[in-house]
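what's the 3D shape of this:
(chains A and B, ligands or ions: 2)
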Amino acid sequence: MPETTLASHAIHRLEILGEDGDVDKALMPELSDERIVRMYEMMVLARSFDERAVTLQREGRLGTYPPILGQEAAQVGSASALLPCDWVVPSFREMGVHITLGYPIHRLFQYWGGDERGQRGPESLNILPICVAVGTQIPHGVGIAMAARYRRDPAVVCTYFGDGATSKGDFHEGLNMAGVFKLPAVFICQNNQWAISVPLKQQTAAATIAQKGVAYGIDGIQVDGNDIFAVYRATSDALAKARSGGGPTLIECLTYRIADHTTADDAGRYRTPDEVATWRRKDPLLRLERFMAGRGLWDDDVGRRVREEAVAEIDRAVLAMESAPQPEAEEMFTNTGATLSRRQIRQMEVI
Amino acid sequence: MAVMNMVQAINSALALEMALDDRVLLLGEDVGRDGGVFRVSEGLLERFGAERVIDTPLSESAIVGAAIGMAAYGLRPVAEIQFMGFTYAAMDQLFTHAARLRSRSRGRFTSPLVVRTPYGGGIKAPELHEESSEAIFCHMPGIKVVVPSGPYCAKGLLTAAIRDPDPVLFLEPTRLYRLIKEEVPESDYLVPMGKARVARQGGSVTVVSWGSMLDTVLKAVEGRDAEVIDLLTLSPFDVETVLASVARTGRVVIVHEAVLSCGLGAEIAATIAEEGILHLRAPIIRVAAPDVTMPMPRLEGRYLPDAARIGRAVDQLLEY
Ligand SMILES: Cc1ncc(C[n+]2csc(CCOP(=O)(O)OP(=O)(O)O)c2C)c(N)n1
Ligand SMILES: [Mg+2]
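Ligands and ions are numbered 1, 2, ... in the order given. Here you go, the predicted structure:
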C-alpha cells in the first residue's frame, strides 16, 4: 500500500503595518482615528513606564525589573482588542497590557518595588496576578475558559507567555486541554526570541511557535509582533471566533526583547549589539508614528504632547507609590488564608 | 590553597569533577553561554564544550527527568534549577522517579544525580526566588539533601554529592554566594555527607542550624557559651553529633529560615525528645520564619530570623 498524506498544515503570518508606516489596506482593521490615537498614547505610556522603571531600579528605588522595551505593540495591540468582560492571565512581562487595561500604574511600580500589595488589581479588571513561575499560569487560562462557558458568560480568556514558556509541560498540557474542550481561549505568545540567554533556536526546533497549536487541534498564527495593527487584528479575530464557539487560537507575536532580560542581567554576554540594532530599527512605536503622520494624526508636536502627558502620569504614579505607607509585618499574614490558625495569630502578635 | 567565595568554590568542584570523570556533565537553563545566572558555571562551557555543559530549553521537569535518564545510563549529571522555587516544577520527576528508581528497579537502575539550586532569602529578589523549602525534600525517602554554609564545605560537599551513588539535592545559600571568602584547596577533596560540623564550641547551649542561617547564628551567639552545629547534610542528618552536644549542654535552639510548622526543626526536636530527653534541662526552642508565604523584598527582613531573635532565644535558655 502506498503511504498517504493524512494532513498537511500551513502556518500563516500576518503583517499589516510596514516599517515605513504604510499599511495593507485590505487587511487593515477598522479603527477610528480616536482609537488609533488612543493606542498610540498607550504605547507611549507603556514605554514611559518602562523607562522609568529601569531608572528607578538603577537608583535603588525599585527591585529587579524585566523591561518590555520593543514589545509594546504586542501588548497594547492585543489588550486593545479585549472587552471588559474578558479575562487576562499574564506572565511577568506584560506591563503594557496592564497599562492598556487601566491597571493602576502605581500598583505596578509597587509590585516591582517588592511590595505584594501591588498585585491586587481593581475589582473591575479580570486580571490574574503577575506570574513569575514561567508558564505555570497557562492552565489557569484553560480553567477560566471552562468556567466562563459553564456560566454561559460571553467572556474569552487571553493568556500571555513568552517563547521560553512553550518548552514547559504546562504549555502543552494547557493547550491540549483547551483544544479538546474547544474553549473560548486565546493564547498569546510574545516570542521575543530570547529566554534569558537561550535563543529561540535552542528553545525549539520548530520553525514557528504558531505551529505548536497544530498538534493540539488549535489554530495557530504568527503575526509581526512589532506591528500593532496585525496584533490587534489577529487578537480581535481570535476573540470573535472564541466568543462564537469556534474554539481557541494560539497567536505568536514575533517581536524582540531589546533590553536585558531583567535589570539583573547583562545581555552583552550572549548576544551581539548588531542583532539588537537590527531590531531597534523595527521599533513598533516609530512605525505607528510614521503611519499616523501619513494620516495627519501625528507630528512632532503631537509626539511631544503625548510624551509629556505620559511622563506626567508616570510622575504621579511614582509619587503615589513612594508616598504609600510601608507595608506592616501583619501584611505577610493577611491573605495567607481566609482565617489564620492560632499559631499564625500568635506569630503575628510577636513579630 | 586559594581564597574563594562560594560561587568560585562550587565552580572549582564542578570543573575538577568534570576533568576527573567524563561521566559528569551539567545541564540547566542558562548554565552554558551565560555561565549560570549567578555565574556558578562560568567558563565551563568554554572548557568542556556544549556536549557536557548543556543549555537546555526552559523545562524543569525535563531537566530533572533527562538527568534521571542519563544517570540510568551510567552518567553522573549535575542539573541546575535556576532557583529553588522552580524545583516545584520538577517535583514529579524528583519524587516519582529520582527518589525511587533504585527501589522500583530493585537495584538494577540508580539515579546518581545532583540537582543544584540556589535557595533562601535576603537577596531582595522577586517572588519564588527566595524559597527555603528543604523540609519537603527531606520528607522524601531516596533523596539526600545537602546545604553548605561556606566555600570550603560547599566544594567538598558538592564533590561528595557528585560521587554519591544516589540523588542529592544540593542547596546553595544565595545570600552567601559572594559574602563569605575562605581558604579553599585548589585540588579536589571531600567533606563527607551525613556528617555535621561543630562550627563553634561551647558548653551551655547547643544551637543547631545550617546553610543560609549559619552566619547569622554565629553573630547572634557572640559572647555567649554556645555550641553551634552546622548540619551540612539535612537528610539524613547527623543525629550523633547533635545528641553528643545536647548531652553536654542540656539546652537546644534550632534555627532555620524556613517556616516553623513541619520545618526540619520539628524532626530534629522530635529526635532529641526521643533519644536525648533526659539530657534536657530546658524546653527546646525553634527560631524559624512564621507560617506564611515568603514575602516579597519589602517585608523579607521581618520574615527572616535575625541575630536579635536568635540571641533572645539563646538567652532565654541560658536563664532557664
Ligand atoms: C519555572 C521557571 N523557571 C525558570 C525561571 C527563571 N526565568 C525567569 S524568566 C526566564 C526566561 C523566560 O523566557 P520567556 O518565556 O521567553 O519569557 P521572556 O523572559 O522572554 O519574556 C527564566 C528562565 C522562572 N521564572 N520560572
Ligand atoms: Mg522570551
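
quick check: residues of the stretch 101-250 of chain B near chain A?
With CB under 8 Å from any CB of the partner chain as the criterion, the stretch 101-250 of chain B meets chain A at residues B:Lys124, B:Ala125, B:Pro126, B:Glu127, B:Leu128, B:His129. Glycine gets a C-beta too; all of them are placed from N, C-alpha and C.

right, and the third one touches B:Arg298 too?
No. Using CB atoms under 8 Å, B:Pro126 is not in contact with B:Arg298; the gap is 11.9 Å.

give the contact list for the residue nearest the centre of chain A.
Taking CA atoms, centre = their mean, the centroid of chain A lies closest to A:Glu94, which sits 3.4 Å from it. When contacts are counted by CB atoms under 8 Å, 6 or more residues apart in numbering or on different chains, A:Glu94 touches A:Ile68, A:Gln75, A:Tyr160, A:Gln190.

go on, B:Glu300?
B:Glu300 sits in contact with B:Gly121, B:Gly122, B:Lys124, B:Glu130, B:Met294, where contact means CB under 8 Å, 6+ apart.

farthest pair in the residues you listed?
B:Lys124 and B:Met294 (12.3 Å; CB to CB).

which one of these two has more residues nearby?
B:Met294 (23 against 17; other CB atoms under 10 Å in any protein chain shown).

and the residue lying closest to B:Ala247 once chain neighbours are set aside, how far from B:Val205?
Using CB to CB, 6 or more residues apart in numbering or on different chains and skipping the chain neighbours, the partner closest in space to B:Ala247 is B:His279 (4.8 Å). Taking CB to CB, to the nearest Å as the measure, B:His279 falls 12 Å from B:Val205.

mind checking which of the two has more residues around it?
Shown here are B:His279 and B:Val205; by other CB under 10 Å, B:Val205 has more neighbours (28 against 18).

got a list of what the residue nearest to the more buried one when sequence neighbours are not counted touches?
Distances taken as CB to CB, 6+ apart place B:Arg251 nearest to B:Val205, at 4.2 Å, with adjacent residues excluded. Going by CB under 8 Å, 6+ apart, B:Arg251 touches B:Ser204, B:Val205, B:Thr206, B:Leu280, B:Arg281, B:Ala282, B:Leu317, B:Leu318, B:Tyr320.

show me where the chain has its strands.
Unless you meant another one, I'm taking chain A. A:12-14, A:87-89, A:157-162, A:185-191, A:194-195, A:198-199, A:219-224, A:249-254 (DSSP state E).

right idea, wrong chain: chain B
Going by DSSP E, chain B shows strands at B:2-4, B:24-28, B:53-55, B:76-80, B:114-119, B:144-146, B:168-173, B:182-184, B:197-200, B:205-209, B:226-230, B:233-235, B:252-259, B:285-289.

out of those strands, which is the most enclosed?
Mean neighbour count, computed with mean count of other CB atoms under 10 Å in any protein chain shown, is highest for strand B:205-209 among the strands of chain B, reaching a mean of 29.

so which elements touch that one?
helix B:214-220, strand B:226-230, helix B:239-249, strand B:252-259, helix B:307-318 (3 or more CB pairs under 8 Å, 6 or more residues apart in numbering or on different chains; DSSP states H and E).

quick check: ChimeraX command selecting the buried ones in the residues of the stretch 101-250 of chain B next to chain A.
Only the buried entries of these go into this ChimeraX selection, using 16 or more other CB atoms under 10 Å in any protein chain shown:
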select /B:124,125,126,127,128,129
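
measure how buried A:Gly337 is and give me the count.
Neighbourhood size, A:Gly337 [other CB under 10 Å]: 11.

swap that for A:Glu30, please
7.

in space, what's closest to A:Glu173 - neighbours in sequence excluded?
Leaving aside its sequence neighbours, A:Glu173 sits nearest to A:Pro139 (CB to CB, 6+ apart; 6.2 Å).

OK, contacts around the one you found?
A:Asp170, A:Glu173, A:Gly174, A:Met177.

any idea how far it lies from B:Ser61?
14 Å.

near ligand 1, which residues of chain A? Just list them.
A:93, A:132-134, A:162-165, A:192, A:194-196, A:257, A:261 (CB under 6 Å from any ligand atom).

sorry, that was for chain B
Counting by CB under 6 Å from any ligand atom, the residues of chain B near ligand 1 are B:Glu29, B:Leu58, B:Glu60, B:Gln82, B:Phe86, B:Ala89.

buried ones among those?
Buried by 16+ other CB under 10 Å: B:Glu29, B:Leu58, B:Glu60, B:Gln82, B:Phe86, B:Ala89, out of the residues of chain B next to ligand 1.

circling back: in PyMOL, select just the buried ones from the contacts of A:Glu94.
Per 16+ other CB under 10 Å, the buried members of those correspond to this PyMOL selection:
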select buried, chain A and resi 68+75+160+190
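
next up, the contacts around the closest residue to ligand 2 within the stretch 201-320 of chain B.
Ligand 2 sits closest to B:Met296 of the stretch 201-320 of chain B, with a gap of 23.2 Å, by CB to the ion. By CB under 8 Å, 6+ apart, the contact set of B:Met296 is A:Gly63, A:Tyr111, A:Gly114, A:Asp115, A:Glu116, B:Pro126, B:Glu127.

now with 7 Å?
Each residue near B:Met296 by CB atoms under 7 Å, 6 or more residues apart in numbering or on different chains is listed here: A:Gly114, A:Asp115, A:Glu116, B:Glu127.

run a quick neighbour tally on the second one.
For A:Asp115, the number of neighbouring residues by other CB under 10 Å comes to 22.

and the one 5 residues further on, by the same measure?
Close neighbours of A:Arg120, defined as other CB under 10 Å, add up to 13.

show me where the stretch 51-200 of chain A has its helices.
Ranges of helices within the stretch 51-200 of chain A are A:72-79, A:95-101, A:105-112, A:138-150, A:169-180, A:200-203, based on DSSP state H, counting those that start in this stretch.

ranking those by burial, who's on top?
Counting by mean count of other CB under 10 Å, the most buried of the helices of the stretch 51-200 of chain A turns out to be helix A:72-79, with a mean of 31.

what is it packed up against?
helix A:33-58, helix A:95-101, helix A:228-243, helix A:284-294 (3 or more CB pairs under 7 Å, 6 or more residues apart in numbering or on different chains; DSSP states H and E).

how close does A:Ala165 sit to A:Glu309?
Between A:Ala165 and A:Glu309 the distance is 34 Å, computed by CB to CB.

so for those two, which sits in the more crowded spot?
A:Ala165 (27 against 14).

ok, for the more buried one, nearest residue in space, not its chain neighbours?
Nearest residue to A:Ala165, sequence neighbours excluded (CB to CB, 6+ apart): A:Gly135, at 3.6 Å.

identify the residues contacting the residue nearest to B:Ala66 when sequence neighbours are not counted.
Excluding its sequence neighbours, the residue lying closest to B:Ala66 (CB to CB, 6+ apart) is B:Leu27, at 6.7 Å. For B:Leu27, the contact set (CB under 7 Å, 6+ apart) comprises B:Ile54, B:Thr56, B:Ile63, B:Ala66, B:Ala67, B:Pro77, B:Ala79.

who's in contact with the closest residue to ligand 2 within chain A?
Closest to ligand 2 within chain A is A:Gly162: 3.7 Å, counting by CB to the ion. Going by CB under 7 Å, 6+ apart, A:Gly162 touches A:Ser91, A:Arg93, A:Cys189, A:Gln190, A:Asn192, A:Ala195.
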